[in-house]
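*Asks:* Quick check, what structure comes out for this input:
(one chain, ligands or ions: 1)
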Amino acid sequence: MSDHVAKTQPVLTLPPNMMPSSATSKKHPCSSLSVTYISRRKLAEVVDGLLGVMTLSTRKQPYVHSGCDISSDKVSGNNTWLKKCPSALASFDQIIARTQGKKIALFLDYDGTLSPIVNDPEKAFMSPEMRTAVKNVARFCPTAIVSGRSRDKVFDFVKLKELYYAGSHGMDIMVTCADSESITKDNKEAKLFQPANEFLQIISEVNKSLVEATRSIKGAIVENNKFCVSVHYRNVDKKDWKLVTELVDGVLKAFPRLKVTTGRKVLEVRPVIDWDKGKAVEFLLQALGLDDPESVLPIYIGDDRTDEDAFKVFRERNCGFGILVSQVPKETEAFYSLTGPSEVMEFLNSLVRWKEQS
Ligand SMILES: O=P(O)(O)OC[C@H]1O[C@H](O[C@H]2O[C@H](CO)[C@@H](O)[C@H](O)[C@H]2O)[C@H](O)[C@@H](O)[C@@H]1O
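*Replies:* Here you go, the predicted model:
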């Protein structure tokens, strides 16, 4: 999918002293953020300022790498777990009751949620049945994919033009603006938001260094996700997992503005900015005009640690809820759970059936 950068783009509103005087803004009742539409020149000024604020406000966090994938974490106590985080399928009626006639805004993670976890990241295809389920649900609920993958790559997997996409863990968002008067259904103006834009060059450099550093490790895969880089060790001999971590740490010493977080047998190298999937979801709600908690109920379905940031936003603001995809009990901010992509598909199909009948 190519980038269509519009003449005006939505940006996060800054503190009043940094706000361009010509801008108009809209407050999100469900969050601390608001969306503003301003000119391209102003946008550049504002984003520069925004990045300054985000960089200053974020300390580089040390990371703990347990080398432990949740899927290898099998523990007993399923009943206790289901009491704490009930199945979204078994609780479907309760979930519907929670909507209270509101429109559902749906946020979907990709890997492990819409596609099963596989050894080769390039082959994490979603099934045609899952694609149909997502397409159908998007007819009733505005739907966005929020992924750690690059936006282009996740679009190539999902292939649905009717969705919104946030790639690179929310650092690369494309929306079509719902509330601009000039927009007709077929001529929507695409808008990009890339809060880590100034890191593009650094990411490209660290990607090269990581490829070089891990070249000799059999099974290590470095994946460039545009604003972040994944170093996969799923296919590396277990005895070398620690070595992979050490090599990544070694490379990162030369890149003080980057940090590492962990996912499912993956080390994710990303900019030290105060931005995550939670912030991306808040941004999307506003940019899409879904910022009225009285009329919109956001639901986020995801399986990864990075999805917890979005679950947390909804829990703290009491304006929607997360559904964790996991086969095992886990510490989570989600309200409900599903065991894997096939249950996710069942849940989406249930939403469609319910909408068709109502
Ligand atoms: O936010 P997501 O859409 O869940 O992306 C997170 C990472 O997903 C991918 O890696 C994971 O899935 C692979 C394919 O099943 C698997 O091989 C790997 O072990 C998992 O970590 C993706 O390749 C990463 O770039 C994403 O950061």
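
*Asks:* before we move on, which element is the closest residue to the ligand within the stretch 51-200 of the chain in?
*Replies:* The minimum distance from the stretch 51-200 of the chain to the ligand, using C-beta to the nearest ligand atom, falls at Gly148 (2.8 Å). The way it works is simple: take the backbone N, C-alpha and C, and place the C-beta from them, glycine included. Here Gly148 sits in a region with no helix or strand, counting by DSSP states H and E.

*Asks:* In space, what's closest to it - neighbours in sequence excluded?
*Replies:* His169 (4.9 Å; C-beta to C-beta, 6 or more residues apart in numbering).

*Asks:* Am I right that that neighbour falls within a helix?
*Replies:* Yes. Per DSSP: H, G, I helix; E, B strand; the rest coil, His169 lies within a helix segment.

*Asks:* Can you check what pLDDT the model gives the residue sitting nearest the centre point of the chain?
*Replies:* Computing the C-alpha centroid of the chain and ranking residues by C-alpha atoms, centre = their mean puts Val146 first, at 3.1 Å. For Val146, the model assigns a pLDDT of 98.

*Asks:* same check, this time on Lys330
*Replies:* Turning to Lys330, the model gives it a pLDDT of 94.

*Asks:* can I have the helix or strand that contains Val352 written out in CSV, keeping just the CAs?
*Replies:* Assigned by DSSP H and E, Val352 falls within helix 341-357. The C-alpha trace of helix 341-357 is given here as CSV (Å, rounded to 0.1, in the frame of the first residue of the first chain):
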residue,chain,number,x,y,z
PRO,A,341,-7.1,-16.9,16.5
SER,A,342,-9.8,-19.5,15.9
GLU,A,343,-11.7,-18.2,18.9
VAL,A,344,-11.0,-14.6,17.8
MET,A,345,-12.7,-15.5,14.5
GLU,A,346,-15.7,-17.0,16.3
PHE,A,347,-16.0,-13.9,18.4
LEU,A,348,-15.9,-11.6,15.3
ASN,A,349,-18.5,-13.8,13.5
SER,A,350,-20.7,-13.6,16.6
LEU,A,351,-20.5,-9.8,16.5
VAL,A,352,-21.6,-10.0,12.8
ARG,A,353,-24.5,-12.3,13.5
TRP,A,354,-25.6,-10.1,16.4
LYS,A,355,-25.4,-7.0,14.3
GLU,A,356,-27.3,-8.6,11.4
GLN,A,357,-30.1,-9.6,13.7
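
*Asks:* so what does that helix touch, helix or strand wise?
*Replies:* When contacts are defined as 3 or more C-beta pairs under 8 Å, 6 or more residues apart in numbering; DSSP states H and E, helix 341-357 sits against helix 92-99, strand 103-108, helix 128-140, strand 321-325.

*Asks:* hmm, back to that, quick check: phi and psi at the residue nearest to the centre of the chain.
*Replies:* Backbone torsions of Val146, given as degrees, to the nearest 10, read phi -120, psi 110.

*Asks:* All the helices of this protein, residue numbers only.
*Replies:* Ranges of helices in the chain, per DSSP state H, are 40-56, 78-84, 92-99, 128-140, 151-158, 200-214, 241-252, 277-287, 308-317, 341-357.

*Asks:* Compute the distance between Lys226 and the ligand, please.
*Replies:* 11 Å (C-beta to the nearest ligand atom, to the nearest Å).

*Asks:* what's that residue in contact with, if anything?
*Replies:* Residues near Lys226 by C-beta atoms under 8 Å, 6 or more residues apart in numbering: Ser150, Arg151, Asp152, Gly167, Ser168, Asp172, Leu200, Ile203.

*Asks:* one more time with 6 Å
*Replies:* Applying C-beta atoms under 6 Å, 6 or more residues apart in numbering to Lys226 gives the contacts Ser150, Ser168.

*Asks:* Val325 and Thr113 touch, don't they?
*Replies:* Yes. Assessed by C-beta atoms under 6 Å, Val325 is found in contact with Thr113 at 5.1 Å.

*Asks:* re earlier: most tightly surrounded among the helices and strands packed on helix 341-357?
*Replies:* Most buried of the helices and strands packed on helix 341-357 by mean neighbour count (mean count of other C-beta atoms under 10 Å) is strand 321-325; its value is a mean of 26.

*Asks:* Could I get the average pLDDT for it?
*Replies:* Mean predicted confidence for strand 321-325 is 98.

*Asks:* which parts of the stretch 51-200 of the chain sit against the ligand?
*Replies:* Counting by C-beta under 6 Å from any ligand atom, the residues of the stretch 51-200 of the chain lying close to the ligand are Asp109, Tyr110, Asp111, Gly112, Ile117, Val118, Asn119, Pro121, Ala124, Ser147, Gly148, Arg149.

*Asks:* how many other residues sit next to the closest residue to the second one other than its chain neighbours?
*Replies:* If the residues on either side of it in the chain are set aside, Tyr110 comes closest to Ser147, at 4.1 Å by C-beta to C-beta, 6+ apart. When neighbours are counted by other C-beta atoms under 10 Å, Ser147 registers 30.
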